[in-house]
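> Next one to model:
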Amino acid sequence: MILTEFEREYRNIYDTDYNRSEEYIDVKNNVVDLINQYSQVQHGKRRQYAKQLSRYVNDRDNSFETNVKYALNDCADIMDIFVKRKYKGNYKTAIDGIANRIGELRNGIAHSRLDLKFKPISLADIKIIEELTYAIRLKKIGVKNRECQKAINALFGEQFAL
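You can find the predicted model right below:
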């Protein structure tokens, strides 16, 4: 549920094509338009299939891993203290690992992979994603970074002296 909530908040705040090139957005829109034109001259099941394909193309976005990495970079001023407490190394190395592991975990759950391995570090990753969900929302509504940290600290019982 935490991963799903992050996806929802990410889409609400950043949108599906955030951080995509104008060229990508233009091509995507053109493809959707072509599919929609095709569906207009079709009937029955063919029209229904074309509309499904149009929605599929329109809803395509970056991978979960890419979105996590982007949000962690965007909220680095807020998330730095929480990430550094749980992971060794610098912030960039830590978020690369978080994004990779949590992307794998999310895809394993979403696609019902029976061979999914849940690692102990996954608990820390999930907690970071939960904190990040609050960070992106608080940042979006204009709360200052230090106040975001204080709110996350209090909500999750991190016990930082802020």
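
> Backbone dihedrals for Lys144, please?
phi -60, psi 150 (degrees, to the nearest 10).

> do you know how far it is from Thr133?
Between Lys144 and Thr133 the distance is 18 Å, computed by CB to CB, to the nearest Å. For the C-beta atoms, the positions are set from N, CA and C on the backbone; glycine is no exception.

> More neighbours: which of those two?
Thr133 (21 against 12; other CB atoms under 10 Å).

> okay but that one is in contact with Glu7, surely?
No: if you go by CB atoms under 8 Å, Thr133 and Glu7 don't touch, sitting 9.4 Å apart.

> and stretch 31-49, which residues are buried?
Within stretch 31-49, the residues scored as buried using 16 or more other CB atoms under 10 Å are Val32, Ile35, Ser39.

> Report the contact partners of the second one.
The neighbours of Ile35, taking CB atoms under 8 Å, 6 or more residues apart in numbering as the test, are Ala50, Leu53, Ser54, Val57.

> of the residues you listed, buried ones?
Taking 16+ other CB under 10 Å as the criterion, what is buried in the contacts of Ile35 is Ala50, Leu53, Ser54.

> from those residues, which single one is nearest Tyr24?
Distance to Tyr24, by CB to CB, is smallest for Ser54 among the buried ones among the contacts of Ile35, at 17.1 Å.

> Find the nearest non-adjacent residue to the closest one, please.
Closest residue in space to Ser54, ignoring its immediate chain neighbours: Ile35 at 4.3 Å, by CB to CB, 6 or more residues apart in numbering.

> And for Tyr87?
Closest to Tyr87 by CB to CB, 6+ apart is Ala94, at 3.9 Å.

> Tell me the pLDDT of that neighbour.
For Ala94, the pLDDT comes out at 96.

> shouldn't it be in contact with Ile81?
No: using CB under 8 Å, Ala94 makes no contact with Ile81, being 11.9 Å away.

> show me where pLDDT drops low in the protein?
In the predicted model of the chain, residues 16-18, 60-61, 162 satisfy pLDDT under 70.

> Give me the most central residue, it.
The chain has Asn67 as the residue nearest its centroid, 3.8 Å off, counting by CA atoms, centre = their mean.

> excluding its backbone neighbours, what's nearest Ala50?
In space, and not counting its chain neighbours, Ala50 is closest to Ser39: 3.5 Å by CB to CB, 6+ apart.
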